[in-house]
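1. What follows is a predicted structure for the sequence shown.
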Amino acid sequence: DTKCDACSGPGTGVCTECSKYYGLTGGECVLCGDDESICTSCDGWMGMGGCYACEGPYYLKDGFCKDCEDSHCYSCPGAGKGVCSSCKAMYYLDSGAKTCSSCGTGKYSVDGAIAETDCKSCSDTNCEACSGAGTGVCTTCAEGYSLAKGQCVTCFDANCVKCSGAGTAQCSSCRKGYCQ
């Protein structure tokens, strides 16, 4: 069984230790909850609150995984605002307030960020937002640029603020004083 990390011998019903997201019940490994994304360790009886550990953005309470109340928290020790332990992508932990703050324009972070130094600059200087390091990961572009396959390309017309592509007649918003 691929879900069984250790067993007492060959055959079925002989598991002694299960993989992440699975709990041991009668020598077999059963999924902790509805999917492999919340409860990481359980006793196999999820209907009765048998979870022992949760993955972010959840915390453990009475054997069940509960949502962190702050929508930008990646992990939290319990209920309430201002109790974040780490933050979701694009945010960092303000350790004094225990809240998550935005990395800001042209920067990104990955899930689990705990300090402002976890925020890194996007590789493409024309990205206002990106999903990680490298090229082709822009999600929003600066004025005068259009997003094309994760990259920011220059709008054809210099007086164009927003465009739907790099070609002519694709300007959707012009600089003040200029018409489309």
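-> That came through, no problem. Numbering: from 1, shown residues only.
2. Specify the local secondary structure of residue 66.
-> Following DSSP: H, G, I helix; E, B strand; the rest coil, the label given to residue 66 is strand.
3. right, and it touches residue 58 too?
-> Yes. Judged on C-beta atoms under 8 Å, residue 66 makes contact with residue 58 at a distance of 6.1 Å. Quick note: C-beta positions are derived from backbone N, CA and C, even for glycine.
4. what about these two, which has more around it?
-> Taking other C-beta atoms under 10 Å, residue 66 and residue 58 do not tie; residue 58 has more neighbours (22 against 16).
5. Number of residues surrounding the closest residue in space to the more buried one that isn't next to it in sequence?
-> The shortest distance from residue 58 to any non-neighbouring residue, by C-beta to C-beta, 6 or more residues apart in numbering, is to residue 65 (4.0 Å). Residues lying near residue 65 (other C-beta under 10 Å) number 22.
6. same check, this time on residue 149
-> Neighbourhood size, residue 149 [other C-beta under 10 Å]: 7.
7. Quick check: which ranges of the protein have low pLDDT?
-> By pLDDT under 70, the low-scoring segments of the chain are 1, 34-37, 44-49, 179-180.
8. can you give me the helices in it?
-> In the chain, no segments count as helices under DSSP state H.
9. re earlier: is it correct that the residue nearest to residue 58 is in contact with residue 52?
-> No. Assessed by C-beta under 8 Å, residue 65 is found out of contact with residue 52, at 10.3 Å.
10. Which residues are in contact with each of those two?
-> The contact sets of residue 65 and residue 52 do not overlap (C-beta atoms under 8 Å, 6 or more residues apart in numbering).
11. Now do the contacts for the spatially closest residue to residue 88 that is not a sequence neighbour.
-> Nearest non-adjacent residue to residue 88, counting by C-beta to C-beta, 6+ apart: residue 74, 4.7 Å away. Going by C-beta under 8 Å, 6+ apart, residue 74 touches 56-57, 68, 84-88, 111-113.
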